[in-house]
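# coords please:
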Amino acid sequence: MFDRLAIHDRRHLVAVARQLESADPRNSDLIVAGLLHDIGKADDRDHVTFIDRILRVFLGRVSPGLLDRLACPDGIGIRRRLYLTLHHARLGAALAEQRGCSERTVWLIKNHEVSDPTDPDLRRLVEIDGATP
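Numbers count the residues shown, from 1 in each chain. So this is what the prediction gives:
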């Protein structure tokens with residue numbers, strides 16, 4: 001799963017996991033979630049690129065409806081990649097669950113895009129994710 005990701009995504013995931021491990025070395029569910037939280041940005045057909053991220057942010061602000069219409073699970077090229085970037089949390093959680101991750105890890109991955117989390121572990125994941133290039 002990890003090797004399918006773009007190199008910058010792999011570096012980001014490792015950096016997030018390392019920071020989480022430094023902050024709370026015994027919280028394996030959180031550390032694993034940090035390492036896998038963006039795993040849904042790639043599959044056996046494609047992976048999200050830097051340009052896809054820019055397009056998602058731009059269209060999300062300018063025309064969210066167009067973004068939703070362009071993102072297609074069965075599409076090819078940019079349409080598939082927009083789908084992956086929009087739905088990577090849910091897709092990644094499903095992949096983590098299929099590979100035997102704990103329920104807590106799966107939940108953290110699935111919810112890591114929440115804007116104002118109340119769960120302390122999720123809040124830490126969201127904060128470190130947002131602050132880590």
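# and the residue sitting nearest the centre point of the chain, what are its phi and psi?
Centroid-nearest residue in the chain, with CA atoms, centre = their mean: D38, separated by 2.5 Å. Taking degrees, to the nearest 10, you get phi -110, psi 20 for the backbone angles of D38.
# Just give me the longest helix of this protein.
Assignment by DSSP state H gives helix 78-98 as the longest helix of the chain.
# okay, that helix in CSV with CA atoms only?
The C-alpha trace of helix 78-98 is given here as CSV (Å, rounded to 0.1, in the frame of the first residue of the first chain):
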residue,chain,number,x,y,z
ILE,A,78,-7.4,13.5,-13.2
ARG,A,79,-11.0,12.4,-12.6
ARG,A,80,-9.8,9.3,-10.7
ARG,A,81,-7.2,11.2,-8.8
LEU,A,82,-9.6,13.8,-7.7
TYR,A,83,-11.8,11.1,-6.4
LEU,A,84,-8.9,9.6,-4.5
THR,A,85,-8.0,13.0,-2.9
LEU,A,86,-11.6,13.7,-2.0
HIS,A,87,-12.3,10.3,-0.5
HIS,A,88,-8.9,9.2,0.7
ALA,A,89,-9.8,9.1,4.4
ARG,A,90,-12.7,6.7,3.9
LEU,A,91,-10.8,4.6,1.3
GLY,A,92,-7.7,4.5,3.5
ALA,A,93,-9.7,3.4,6.5
ALA,A,94,-11.2,0.5,4.5
LEU,A,95,-7.7,-0.5,3.4
ALA,A,96,-6.4,-0.4,6.9
GLU,A,97,-9.3,-2.5,8.2
GLN,A,98,-8.8,-5.1,5.4
